[in-house]
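Visitor: Build me a structure from this.
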Amino acid sequence: MICLAGTKYARRAVLAAAAALPLLVQANFAQAVDTIRFAVTDIAGLEDLQREYGALAETLAQTTGYEIKFTPVSSRTAAVEAMRAEQVDFVLTGPAEYVVFKKRTDAQVVVGFQRPDYFAMIVTLADSPIAGPEDLKGKKVAFGDIGSTSAHIGPMQVLADFGVDPMKDIEPLHVSRNVAVESLIKGDIAAIGMNATHLASVRAKFPDTAFKVIARGRDLPNDPVLAGKHVDPAMIDKVRKAFIDNQPALIEALLKGEDTQKYKGMHFLASIEDKDYDYVRRMYATIGYPEYAEFVGQ
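Guide: Numbering: from 1, shown residues only. All right, here's what the predicted structure looks like:
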């Protein structure tokens with residue numbers, strides 16, 4: 001009897017354990033969902049990140065199965081240090097930032113955000129006697145944020161490409177774009193460095209003023225999404241494939257932000273090579289940062 005009763009209880013225990021097994025597996029699976037810590041170098045606050053990139057993160061989570069968590073960073077330098085410390089996994093950044101990330105973290109490109117008409121240019125008034133970059137020697141030229149690819153180091157490289165040394169031949173200034181345009185109209189400065197999107201915005205804000213482009217550079221490299229060295233290669237491949245296979249849905253989500261309108265007409269590119277950023281390295285060398293190990297102005 002004792003033996004028979006023991007067998008009966010044992011059978012019940014086995015059946016109970018078998019019934020609970022799916023729940024245990026389900027619970028473990030839920031705990032095993034991988035998380036991506038994601039940062040954007042030109043967006044500092046969590047609220048701004050959510051507003052500008054929340055829809056993209058949600059769609060990326062749906063297409064990869066990963067949980068996407070934003071990691072706010074206070075500066076480009078903070079983003080590099082966070083990646084070095086393995087506190088962030090993926091970072092969306094600009095071409096100028098890429099060369100420093102590569103130098104200091106050996107991060108790899110997951111995918112590139114290809115922006116149409118993304119190039120630096122030199123702009124002045126349409127009725128200005130200045131016809132080309134050589135006419136700017138000895139004059140004041142305004143640029144955007146220090147370190148900006150398309151508003152600072154890119155336009156300076158354009159000048160260098162046309163034989164004008166931006167560190168010796170002109171007087172560079174860094175002011176906001178609206179202030180620069182007003183200064184240009186008043187004759188306080190001779191030209192402004194910017195990109196094509198900036199010029200469209202300027203023409204919309206100053207419809208009574210005519211502008212002309214006196215020099216433009218080559219198309220700039222793509223804004224890259226970078227992955228830290230510590231990230232599992234299988235995760236990187238899965239995220240890259242999701243961007244390429246779901247372009248329409250992800251681009252639609254990305255364009256729900258305000259600042260992200262700069263990506264209108266974009267494509268995601270997977271075939272990004274480090275040498276694509278050699279032109280940016282030339283920019284750093286032109287303005288006296290040949291080591292690419294630190295951000296300009298920081």
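Visitor: pLDDT averaged over the strand ranked longest in the chain, what's the number?
Guide: When the chain is parsed with DSSP state E, its longest strand is strand 211-219. Averaging pLDDT along strand 211-219 gives 97.
Visitor: and the spatially closest residue to Ser74 that is not a sequence neighbour, helix, strand or coil?
Guide: The shortest distance from Ser74 to any non-neighbouring residue, by C-beta to C-beta, 6 or more residues apart in numbering, is to Ala44 (5.6 Å). Quick note: C-beta positions are derived from backbone N, CA and C, even for glycine. Put simply, Ala44 is coil when judged by DSSP: H, G, I helix; E, B strand; the rest coil.
Visitor: which neighbours does the longest strand of the chain have in its sheet, and in what orientation?
Guide: Sheet pairing of strand 211-219 (DSSP bridges) gives strand 119-125 (antiparallel).
Visitor: so how far is the partner strand from its chain's centroid?
Guide: Put simply, strand 119-125 sits 22 Å off its chain's centre (C-alpha atoms, centre = their mean, to the nearest Å).
Visitor: Show the subsequent helix or strand relative to it.
Guide: Where DSSP states H and E defines the elements, the next helix or strand beyond strand 119-125 is strand 140-143.
Visitor: contact partners of that following strand?
Guide: Outside strand 140-143, the residues that touch it by C-beta atoms under 8 Å, 6 or more residues apart in numbering are 122, 151-152, 155-156, 159, 166, 170-175, 180, 183-184, 188-193.
Visitor: avg pLDDT for it?
Guide: Strand 140-143 shows an average pLDDT of 98 in the prediction.
Visitor: Tell me the helix or strand right after it.
Guide: helix 154-161.
Visitor: for the record, mean pLDDT for that following helix?
Guide: pLDDT averaged over helix 154-161 gives 97.
Visitor: what's the answer for stretch 191-206, then?
Guide: Here the average pLDDT along stretch 191-206 is 96.
Visitor: ok, back up a step: which residues touch the residue nearest to Ser74?
Guide: Counting by C-beta under 8 Å, 6+ apart, Ala44 touches 72-75.
Visitor: If you count neighbours, what's buried in the longest strand of the chain?
Guide: By neighbour count with 16 or more other C-beta atoms under 10 Å, strand 211-219 contains the buried residues 211, 214-217.
Visitor: before we move on, back to that, select from the contacts of Ala44 the one having the most neighbours.
Guide: Within the contacts of Ala44, most neighbours by other C-beta atoms under 10 Å means Val73, with 24 neighbours.
Visitor: Do I have it right that that one meets Thr41?
Guide: Yes. Applying C-beta atoms under 8 Å, one finds Val73 in contact with Thr41, separated by 6.6 Å.
Visitor: who touches both of those two?
Guide: Counting by C-beta under 8 Å, 6+ apart, the contacts common to Val73 and Thr41 are Ala79.
Visitor: if we can go back for a sec, which members of the contacts of strand 140-143 are classed as buried?
Guide: With neighbours counted by 16+ other C-beta under 10 Å, these contain buried members at 122, 151-152, 155-156, 159, 166, 170, 172, 174, 180, 183-184, 189-193.
Visitor: one step back: can you name the next helix or strand after the longest strand of the chain?
Guide: Elements were assigned by DSSP H and E; along the chain past strand 211-219, the next helix or strand is strand 223-227.
Visitor: Run through the neighbouring helices and strands of that following strand.
Guide: When contacts are defined as 3 or more C-beta pairs under 8 Å, 6 or more residues apart in numbering; DSSP states H and E, strand 223-227 sits against strand 90-92, helix 95-105, strand 108-114, helix 233-245.
Visitor: quick one: the longest one to strand 223-227, angle?
Guide: Note on geometry: by axes from the mean of the first three to the mean of the last three C-alpha atoms, to 10 degrees, helix 233-245 and strand 223-227 are set 150 degrees apart in direction.
Visitor: Now tell me what touches the very next helix or strand once past helix 233-245 from outside.
Guide: Proceeding N to C from helix 233-245, the next assigned helix or strand is helix 247-254, under DSSP H and E. Applying C-beta under 8 Å, 6+ apart, the external contacts of helix 247-254 come out as 53, 55-56, 58-60, 63, 242-243, 260, 263, 266-268.
Visitor: could you flag which of those are buried?
Guide: Judged by 16+ other C-beta under 10 Å, buried ones among the contacts of helix 247-254: 53, 55-56, 59-60, 63, 242-243, 260, 263, 266, 268.
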